[in-house]
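J.: Can you look at this prediction? I've put the sequence above it.
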Amino acid sequence: MLERGSPRAVLIGRWGIALSLVAGAVLTGRILRNYPYLLPNRLPGLVLYEMGPALILALAIGTSIAITDTSRPGVRARLALFVIAALLAGTITLAVEFGAVLGGQWL
């Protein structure tokens, strides 16, 4: 059983929030791409539509690396882990979104 404030609980909490940030950034990017009519109709809306998901994901990965700064793996290992987590979250999101269209052919 984990005790509140123990080093193991803090480590699990930090990594959990870091991975949640990355998954949330992927989902936020999909919302931006799926609902472009909610964005402004001028240049800022176009910039948000085109660059928004990538910027959100880059900020989330950078924040996740900063949150887990006291952990053992180096920056490169953590960067690779969060990129893999983003790819996994994106793949799951697309599988759920387009699963009916593909009819399970690619699974």
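T.: Received the coordinates, thanks. Residues are numbered from 1 along each chain as shown.
J.: Whichever strand or helix holds residue 17 - contacts with which helices or strands?
T.: Using DSSP states H and E, residue 17 sits in helix 7-34. Based on contacts counted as 3 or more CB pairs under 8 Å, 6 or more residues apart in numbering; DSSP states H and E, the elements that helix 7-34 packs against are helix 43-67, helix 75-102. Quick note: C-beta positions are derived from backbone N, CA and C, even for glycine.
J.: the inter-axis angle of that helix versus helix 43-67?
T.: 170 degrees (axes from the mean of the first three to the mean of the last three CA atoms, to 10 degrees).
J.: OK, contacts around residue 54?
T.: When the contact criterion is CB atoms under 8 Å, 6 or more residues apart in numbering, the partners of residue 54 are residue 29.
J.: Residue 4: what secondary structure?
T.: Here residue 4 takes the coil state, with states given by DSSP: H, G, I helix; E, B strand; the rest coil.
J.: Report the rounded mean pLDDT for the helix holding residue 17.
T.: Taken as a whole, helix 7-34 has an average pLDDT of 89.
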